[in-house]
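>>> what's the 3D shape of this:
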Amino acid sequence: MSVGRTMLCTQEGPLNTISNNKDATQCAVAGRNVFKIFSIEDEEFVERMSLRVGKVNLNLSCTDVAWNPVEDHILASAATNGALVTWNLNKCSKSKQDHIFTDHKRTVNKVSFHPTEAHLLLSGSLDGTIMLFDLRKKEVSSVFRTGTDCVRDVSFSPHHYFTFMATHDNIVDLWDLRRTDKYERQFTAHNGPVFSCDWHPEDKRWIATGGRDKTIKVWDIQYRPYLEHTIQTIASIARIKWRPQRKYHIASCSQVVDFSINVWDVRRPFIPFAAFNEHKDVTTGIAWRHDPHIFLSVSKDSTLYQHVFRDAVRPADTVSPIGLALNIHGDVSHAISDKLESTETAKAGNYQSTKVPSFFRRPPSRSELFKSANSQVQVYQNCGSKNNLSMDWFVISAKKYQLSGKPLKDLCEHNAAISEHLKRYDVAQSWHMLKSLYANDTVQIQRTYTMDSTTDYSLRNNQDKGKQRLENHIDYEVEKSTKQVVDNSGASVIQSDSETDMSDYEHEKQLSNIASGLVSAHGDFFLWRWRG
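Predicted coordinates for the structure are as follows:
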């Protein structure tokens, strides 16, 4: 395992992308106003050169950068103006710029070198095309047209010589370099745009995708694409990168909201295996140093970080292993943890590279394993005759409540009896209070209308519509002349029509105004008016 520590280097502007050289001893970082090469030492980043020399133009405003995995002195960068620039670090001149390709018509989102052929460079652009460049001839070798407005990511397969992957919209395409007219396979991967994709470094069957729908998905593409694992996150996924030598681990960063870099175990997708919270703004790039314990990242907060796993936050260590759940029928489920322990032997081989013989493998360290909780789940069924969590009271109240057609006093008494019968005594008490406050015979009613006020007319119109909707949904199940409502004790409440000094219209308006809060008290009586 490499020796390293968590360290950072601050730049003069936001960073959009990062790429390592083939032995991961140097890295290139780039952004709108930054394009530099750093050497990665044990204690710090050492700047080797800046590629932004000479006349500054849009060709230097980088959206992506890739380091050639075969020839260590060749780099490629993508620009916001559609240019694709190659760089030769062995040039003797101050400017290391080698060639500028201007074949794309819009911003180039991604560039990718072939893993074994140093002269093949792939690019994906907002103009909807994928282009294969031959760096020996310095020209476009092939053009692949997706028929869409935007290609967001492209990547050569590390396992198949002629295969590459591209994402556009919510689609993933698998192409063959020898056929430019149509993709080899295509499938819908997400419910929104796919922003990032990555080939598994060891398992040739697996690819991973991340998108705007806040999910990371792992696909088996050996035959027909099959969804193996899904990880639900809290924000749109900007970048994903498989962790080397750990089959089930993948790192991700988000476009918005979440500034952390999370490393996930795809078998336990509900909580990150490890989290790195050093950045103060959105993380824009991730690059592993060929070591499962160390990786680099850049961010819009203008920082370059080296992260070490021993300094990671382990969310599972602070999560309570005890849970409680309640369903609508009143049943209770309870998860009880007997004890916490680290599973030092369970599936230990899953955390080791399959390329190393088992007798050379060391037992995994505690930092490489999830903290596990042995729990028992107990379910308690509600055997009572009455279900206190039932919502039947809501339906019955909606059907039997009366809000118009009778004096306010009778309406309040009727609705209170309904509430008591349903054992909702606090609601019944509220109806009694409404009757005491607003149903006195000495209540003086006064309405003030301002006909030339647009606001008053709108309020009055909305109230009339609301009253009409209430009347349309009330189910009168009781006779008009005499109604009997059985209360909780079995007694009967007899309600009859009575003559009052207030008309039915006045009562309806009064009750509607009470419900709407359009009431103000003045002295010994209540003044009812429209609020302007």
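>>> Report the contact partners of the closest residue to residue 150 other than its chain neighbours.
Distances taken as Cβ to Cβ, 6 or more residues apart in numbering place residue 126 nearest to residue 150, at 5.0 Å, with adjacent residues excluded. All C-beta spots, glycine's among them, are computed from the backbone N, C-alpha and C. Going by Cβ atoms under 8 Å, 6 or more residues apart in numbering, residue 126 touches 106-109, 149-151.
>>> From residue 213, how far out is residue 126?
Distance of residue 126 to residue 213, computed by Cβ to Cβ, to the nearest Å: 21 Å.
>>> Then residue 183?
22 Å.
>>> residue ranges for the strands of the stretch 201-350 of the chain, please.
Using DSSP state E, counting those that start in this stretch, the strands of the stretch 201-350 of the chain run over 206-211, 215-220, 226-232, 237-242, 249-254, 261-265, 274-276, 283-291, 294-299, 303-308, 323-326, 332-342.
>>> how far off strand 283-291 does the fifth one point, in degrees?
What it means is strand 249-254. On the basis of axes from the mean of the first three to the mean of the last three Cα atoms, to 10 degrees, strand 249-254 is oriented at 160 degrees to strand 283-291.
>>> Which residues does strand 249-254 contact?
With Cβ under 8 Å, 6+ apart as the criterion, strand 249-254 contacts 198, 208, 210, 216, 218, 231, 233-243, 260-266, 273, 282-286, 288, 292, 295, 297.
>>> ok, of those residues, which come out buried?
Buried by 16 or more other Cβ atoms under 10 Å: 198, 208, 210, 216, 218, 231, 233, 235-243, 260-266, 273, 282-286, 288, 292, 295, 297, out of these.
>>> List the residues that contact residue 159.
199, 204.
>>> Kindly list the main-chain dihedrals of it?
Dihedral angles of residue 159 (phi, psi; degrees, to the nearest 10) stand at phi -110, psi -30.
>>> Low-confidence bits of the stretch 401-532 of the chain, can you list those?
Regions of the stretch 401-532 of the chain meeting the criterion pLDDT under 70 cover residues 440-532.
>>> Helices along the chain, start to end?
Assigned helices in the chain, in chain order: 392-400, 408-421, 425-438, 454-473, 504-516 (criterion: DSSP state H).
>>> Pairing-wise in the sheet, spell out the partners of residue 219.
Beta-bridge partners for residue 219, by DSSP bridges, are residue 207, residue 227.
>>> And it, how far from residue 175?
To residue 175, residue 219 is 16 Å away according to Cβ to Cβ.
>>> More neighbours: which of the two?
With neighbours defined as other Cβ atoms under 10 Å, residue 219 and residue 175 compare such that residue 175 has more, 25 against 20.
>>> if I pick that one, what's in contact with it?
Counting by Cβ under 8 Å, 6+ apart, residue 175 makes contact with 130, 144, 163-166, 183-184.
>>> now do 7 Å
144, 164, 166, 183-184 (Cβ atoms under 7 Å, 6 or more residues apart in numbering).
>>> swap in residue 138?
By Cβ under 7 Å, 6+ apart, the contact set of residue 138 is residue 99.
>>> before we move on, what about residue 52?
Shown in contact with residue 52 (Cβ under 7 Å, 6+ apart): 35, 60.
>>> Phi first, then psi, for it.
Dihedral angles (degrees, to the nearest 10) for residue 52: phi -90, psi 80.
>>> With the one 4 residues further on instead?
Torsion angles at residue 56 (phi, psi; degrees, to the nearest 10) stand at phi -80, psi 130.
>>> number of nearby residues for it?
Using other Cβ under 10 Å, residue 56 has 10 neighbouring residues.
>>> swap in residue 391?
9.
>>> How much space separates it from residue 332?
Distance, residue 391 to residue 332, using Cβ to Cβ: 18 Å.
>>> cool, residue 225 as well?
41 Å.
>>> cool, residue 62 as well?
57 Å.
>>> before we move on, what about residue 424?
Separation of residue 424 from residue 332 (Cβ to Cβ): 23 Å.
>>> Repeat that for residue 298.
48 Å.
>>> for this structure, what are the low-confidence residue spans?
1-3, 338-373, 384-390, 440-532.
>>> what do you get if the cut-off is 80, keeping everything else the same?
1-4, 54-56, 319-321, 328-330, 336-375, 382-391, 439-532 (pLDDT under 80).
>>> Compare the contacts of residue 126 and tell me which is most surrounded.
Among the contacts of residue 126, the one with the most neighbours (other Cβ under 10 Å) is residue 108, at 29 neighbours.
>>> now the closest residue to that one other than its chain neighbours, which residues is it bridged with?
Closest residue to residue 108 apart from its sequence neighbours, by Cβ to Cβ, 6+ apart: residue 78 at 3.6 Å. Applying DSSP bridges to residue 78 yields these beta-bridge partners: residue 64, residue 84.
>>> going forward can the numbers begin at 50, since that is how I track them
In the new count, where the first residue is 50, that last one comes out as residue 127.
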